[in-house]
Structures are given as structure tokens and as C-alpha cells.
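Enquirer: Sequence first, predicted model second:
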Amino acid sequence: MNTCRAAVITAHNQPLEIQQVRIPDLDPGSLLVRITASTLCGTDIHRWHGPLPKGDSLPIITGHEPCGVIEEISGSRTDILGNPIKRGDRVVWSYVACGSCYYCSVALQPCICRGRASWGHNRADEHPFLLGSCAEYMYVPPECLIIKVPDEVTSASAAASACAYRTVMHGYDRLGAIKSHETVVIQGSGPLGNFAAAVAKDHGAKKVLVIGAPANRLEVSRRMGADDTLNIETVKDAKDRVEWVKGHTDGRGADVVIQCATSSAVPEGLRMLRDGGRYVSIGVSGGNAMVDIERIPQEMTFLNVRSGEPRHWLQAIDFLASRRDRFPFEEMISAHYKLDQINQAIDDMASFKVVKAAIDFN
């Protein structure tokens with residue numbers, strides 16, 4: 001077997017092509033994984049629309065949220081906990097920071113390493129070829145940390161943990177403890193927001209409020225732990241949404257606001273926050289976010305979270321496994337497709353017909 005099938009972006013805003021892409025020889029310590037599921041996220045749609053970030057170029061295999069079964073290992077490897085891994089193990093794996101730059105070695109902030117390697121934007125015609133998850137196989141560089149996926153976690157949910165869910169875990173890691181008297185507001189009712197609602201409820205928040213749309217997403221929000229929800233399609237005035245939050249908090253505003261929608265929602269979210277509260281921005285960039293410094297809450301904390309460190313992949317998987325009886329995680333995967341249906345999946349994501357699409361390979 002020298003090649004495998006993969007969904008390749010060859011031109012922006014044009015149908016992806018199912019191509020035969022070369023399977024590379026393995027470098028020492030690297031893995032070849034047979035993909036069982038790849039979920040799509042908004043970043044995949046942005047890359048399809050283009051342009052790609054500076055330095056990236058087409059053709060690329062789309063997808064950066066993989067889960068799969070180890071097919072080959074070059075040498076012996078262990079997982080993130082130090083346990084041996086073997087062929088047949090179902091796994092996810094971390095991104096790779098350089099380990100030696102200022103951000104890695106001095107600031108201890110590898111998520112903003114300038115040489116950090118990630119997936120879904122690498123050329124499909126250059127070694128190691130298979131660095132996108134919408135393919136039958138994927139190459140795992142030797143520097144990646146490996147996280148085993150327990151049987152009770154589906155491949156689609158595990159794949160989502162490789163981006164959306166581990167970023168939420170990173171956000172809560174930086175936020176710190178949620179106290180039992182605190183109200184948490186989540187801006188956004190997509191996969192990020194609904195997973196964030198579950199974590200807030202699990203971490204002991206007195207009240208979890210989710211603001212988003214459409215109505216079917218908010219129904220999932222309630223099952224994921226939201227005590228109340230607000231539909232922005234029916235409550236269109238930001239002033240009314242702020243008053244709704246204050247009505248739930250004796251006029252103070254929320255103790256914690258977590259932005260899981262778009263950075264343009266930040267100014268409104270800050271108006272929902274009490275003096276001395278904590279604001280965490282996780283959602284992707286989008287639009288302008290002009291903030292009036294004179295109107296921000298006094299003594300507030302603002303955190304802007306990007307991606308995750310290897311431990312956050314593990315935390316997300318462990319949360320999915322240990323809380324599966326409490327939260328319906330599978331409801332956040334709203335549609336399943338085969339690889340040959342990749343263009344339908346892309347179109348459905350781009351037109352917001354689905355919240356989270358999964359490409360299934362089994």
C-alpha cells in the first residue's frame with residue numbers, strides 16, 4: 001500500500017478532490033494511524049474559503065480533528081502517561097511546539113510558540129504528505145504526545161476533543177476554580193459553548209446561562225447543563241441581553257463570562273460581567289471588537305485562550321469518558337458523512353445547516 005484516499009483542497013471555494021496521496025516512510029518514533037473519524041470545525045471552512053495564513057499554500061488535506069487506530073509504529077513509544085502503545089490502540093495526539101524558543105523555554109507558553117506544528121494546512125504533495133485528518137491514514141510526527149481513547153468514548157467525540165474540547169479545557173485551566181455561588185455566562189451555543197456549559201456545571205457553578213442560536217442548539221445547551229438560555233434571534237437588542245444576565249444576578253452581572261462564538265461578541269460580553277469578574281475569550285476571531293476602556297468592569301480579569309497544551313487533550317478525553325452518563329456529548333455531533341460526501345459536509349458547515357460534522361471511516 002503506497003497511497004490512500006484523502007480530501008484535498010486544490011482551489012479555494014471549489015469542490016474538494018478525493019485524491020490518492022502518498023503514504024510516507026516513517027521517521028524514527030513516528031506513527032501511521034488509520035483514521036476512524038475526523039470532525040470538522042469552522043477553521044476548516046475558513047481554509048477552504050481562503051486565503052491561507054502566510055506561508056501556507058495549496059494543495060492541502062483538510063481537517064485537524066482526528067481520531068484513529070495505530071497501524072504502524074517506528075520503534076517503541078509510550079503515551080502521555082508513560083504507558084506503552086501498540087498497533088490497534090485508538091488514539092488522539094497533540095500538536096508539536098519547538099521546545100526551545102522563548103515562549104517554550106522561558107515564558108512556558110508553548111501554545112504561542114512561533115514554530116508550533118499543527119494539522120490541516122500542510123501541503124499534500126510534500127513529505128510527510130498525510131498531515132490532514134480527512135484521509136484514510138494520517139502521519140503522526142515523533143514529537144507528538146499520544147493519548148489513548150477509552151472504549152466508552154466514540155471516535156467522533158474523541159476527534160472533537162482534538163480541537164474544540166481541548167481548547168475549552170485550556171480555558172478552564174487558566175480560569176481557575178469556579179465557586180459554588182458563581183454564575184457563568186457562555187456566549188455561543190455551538191460545540192465550544194455547549195461543551196463549556198457542561199464543564200461549568202460540572203465544576204460547581206451555581207447557575208450556567210447560555211446565549212446563542214438557533215433554538216435547536218439551545219435545546220442541546222440545556223441538556224449540556226445550562227440552567228437558562230437566551231435566543232439571540234428573538235432577543236436582538238444587546239441591551240436587552242445584558243439586562244437578562246443582570247436579572248439573573250441581582251443586577252451585578254455574571255461572575256464569569258466565557259466567549260465561545262466570535263471575538264466580535266467581546267464588547268457585549270464585557271457589559272454582562274460584574275466588577276471584579278473574569279472574562280475568557282475562546283471563540284475564533286471574526287469582525288471588529290471595539291471596546292470602550294472607560295466602560296469595562298473594574299478590577300476584571302481578561303484571558304484570551306488559544307489552542308491547548310498536550311495535557312488538555314488528555315483532560316478532554318477524560319471528561320468525555322467520566323461524564324458520559326451525565327451529559328449527552330454525542331448530540332453535539334449533528335451530522336455524519338463518508339469521505340466521498342466531504343463537499344456536502346463542507347457546504348453544510350459553511351451554510352450553518354449543521355453544528356459539528358463528522359467524517360466517518362468505519
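Expert: Arrived safely. Numbers count the residues shown, from 1 in each chain.
Enquirer: Ile35 touches Glu71, doesn't it?
Expert: No. At 9.9 Å, Ile35 does not count as touching Glu71 under the criterion of C-beta atoms under 8 Å. (Each C-beta comes from the backbone N, C-alpha and C, glycine too.)
Enquirer: Please enumerate the shared neighbours of those two.
Expert: Both Ile35 and Glu71 are in contact with Tyr137, where contact means C-beta atoms under 8 Å, 6 or more residues apart in numbering.
Enquirer: what's the helix or strand bottoming out on mean pLDDT in the chain packed up against?
Expert: None of the helices or strands of the chain scores lower by mean pLDDT, DSSP states H and E than helix 42-49, at a mean of 90. For helix 42-49, the packing partners by 3 or more C-beta pairs under 8 Å, 6 or more residues apart in numbering; DSSP states H and E come out as helix 342-350.
Enquirer: higher neighbour count, Ile35 and Glu71?
Expert: Ile35 (28 against 16; other C-beta atoms under 10 Å).
Enquirer: and that one, bridged to which residues?
Expert: Beta bridges link Ile35 to Gly68, judged by DSSP bridges.
Enquirer: Return the distance of it relative to Asp44.
Expert: 15 Å (C-beta to C-beta, to the nearest Å).
Enquirer: any idea how the protein splits into domains?
Expert: 3-166+308-360, 168-304 (automatic domain parsing).
Enquirer: Which residue is the nearest non-sequential neighbour of Gln298?
Expert: Asp275 (4.4 Å; C-beta to C-beta, 6 or more residues apart in numbering).
Enquirer: Hmm, that neighbour is touching Arg295, no?
Expert: No. In this structure Asp275 lies outside contact range of Arg295 using C-beta under 8 Å: 11.7 Å.
Enquirer: Based on its surroundings, how many neighbours for the residue nearest to Gln298?
Expert: 11.
Enquirer: Does it lie in a helix or a strand, and which?
Expert: For Asp275, the host element (DSSP states H and E) is strand 273-281.
Enquirer: Sheet partners, orientation included, of that strand?
Expert: strand 254-259 (parallel), strand 301-304 (parallel).
Enquirer: ranking the ones you listed by burial, who's on top?
Expert: strand 254-259 (a mean of 27; mean count of other C-beta atoms under 10 Å).
Enquirer: low-scoring stretches of the stretch 201-350 of the chain, by residue?
Expert: 283-288 (pLDDT under 70).
Enquirer: Tell me which stretches of it form strands.
Expert: For the stretch 201-350 of the chain, applying DSSP state E, counting those that start in this stretch gives strands covering 207-212, 228-231, 254-259, 273-281, 301-304, 335-337.
Enquirer: Return the fourth one as PDB; C-alpha atoms alone will do.
Expert: Included here for strand 273-281 are C-alpha records, laid out as PDB according to Å, rounded to 0.1, in the frame of the first residue of the first chain:
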ATOM      1  CA  LEU A 273     -19.600  40.900  33.600                       C
ATOM      2  CA  ARG A 274     -19.700  42.200  37.200                       C
ATOM      3  CA  ASP A 275     -16.900  44.300  38.600                       C
ATOM      4  CA  GLY A 276     -14.100  42.100  39.600                       C
ATOM      5  CA  GLY A 277     -15.300  39.300  37.300                       C
ATOM      6  CA  ARG A 278     -13.400  37.000  35.000                       C
ATOM      7  CA  TYR A 279     -13.700  37.000  31.200                       C
ATOM      8  CA  VAL A 280     -12.400  34.200  29.000                       C
ATOM      9  CA  SER A 281     -12.300  34.600  25.200                       C
END
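Enquirer: and it, which residues are buried?
Expert: 273-274, 277-281 (16 or more other C-beta atoms under 10 Å).
Enquirer: Turn these into TSV, columns for distance to Asn216.
Expert: As requested, those are exported to TSV (distance: C-beta to C-beta, whole Å):
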residue	distance to Asn216
Leu273	28
Arg274	31
Gly277	30
Arg278	30
Tyr279	27
Val280	25
Ser281	25
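Enquirer: Of all pairs in the residues you listed, which one is the farthest apart?
Expert: Arg274 and Ser281 (17.1 Å; C-beta to C-beta).
Enquirer: Roughly how far does Trp313 sit from Asp348?
Expert: Trp313 is 27 Å from Asp348, by C-beta to C-beta.
Enquirer: Looking at these two, which one has more neighbours?
Expert: Trp313 (27 against 18).
Enquirer: Now do the contacts for Arg87.
Expert: With C-beta under 8 Å, 6+ apart, Arg87 has these contacts: 70-73.
Enquirer: Which members of the residues you listed are the farthest-apart pair?
Expert: Glu71 and Ile73 (8.6 Å).
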